[in-house]
Each structure stands twice: as C-alpha cells, then as structure tokens.
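Peer 1: turn this into a structure:
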Amino acid sequence: MALEEEQAREDAAPDAVDAATWRAWWRAAAEALGREAPALDALNVFPVPDRDTGKNLQATVRAAWAALETFPASSWAESVRAVARGALDGARGNSGTILSQWIRGVAEELLAGPTPGRWARPSAAGP
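Peer 2: Below is the predicted model of the structure:
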C-alpha cells in the first residue's frame, strides 16, 4: 500500500514549480515551522541546550517568506533570489545560518537550470 500511496503523491505533483507554487510552499513552510517550533526547541540539546533551534529555523524561514512577498508574483528569478537573500539576512543562530546556506544553494541550482520545472520530478535515471 505504501508504494501505491507514493505513486499517487507523485502523480499529483505539479509538472513545474512556478512563482505561485514557490510562494505557496514558503508560506506553508513558515506556517509548519510555527506549529512545530516548540517540538524542535525541545529536541535541541547540542552543542548548547538553549532550546531555540525551532525558533531560529522559524525566524529564518519567515524572513525568507517576507522577502519573497516584496516581489511580483510573476517574477520567478527575482522571487528565488529574494528567498535566498531574505533567509541570509534573517538567519538566527547556528541552525538558521546553516538553513540559509542550504536555501542559497537550492536557489543557485534553480536559477542555473533551463526551467524551474526540472525540480518538480526527479529523473528515474538519476541526476
């Protein structure tokens, strides 16, 4: 049954990631981190048990989303750059800084490709 569910999810996946999908994903990510921040904070015990990992990740993603909201919905490249810049500028703590660098790497890959749709479905043949 799990394989069938996975196939159904894949079939429902968009064929391309456009600016509207990109915005919706970041909004959903910010909302999810808002719900899950306390659980992530409770897990945080290394290197210092300051219990702020969830809050730091949430602040970083919210900063990325806020930066994204400043660009026209139709500008794919600008919205990708805005997310990367917003995450870097809004990064909090070690976890936020690491996440912002990951986001920057994803943004660079998205902008390097011929179309954003190449990220929608991984190739069965591999990278």
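
Peer 1: pLDDT score assigned to Ile103?
Peer 2: pLDDT recorded at Ile103 is 95.

Peer 1: quick check: the gap between it and Asp50.
Peer 2: 23 Å (CB to CB, to the nearest Å). All C-beta spots, glycine's among them, are computed from the backbone N, C-alpha and C.

Peer 1: so which helix or strand takes in the residue most central in space within the chain?
Peer 2: Computing the C-alpha centroid of the chain and ranking residues by CA atoms, centre = their mean puts Trp26 first, at 5.9 Å. In the assignment (DSSP states H and E), Trp26 maps to helix 19-43.

Peer 1: so between Ile103 and Asp50, which is more surrounded?
Peer 2: Applying other CB atoms under 10 Å to Ile103 and Asp50 shows that Ile103 carries more neighbours, namely 22 against 12.

Peer 1: nearest residue to the more buried one in space, please, no chain neighbours.
Peer 2: Ala87 (4.4 Å; CB to CB, 6 or more residues apart in numbering).

Peer 1: could you check how many residues crowd around Val61?
Peer 2: 26.
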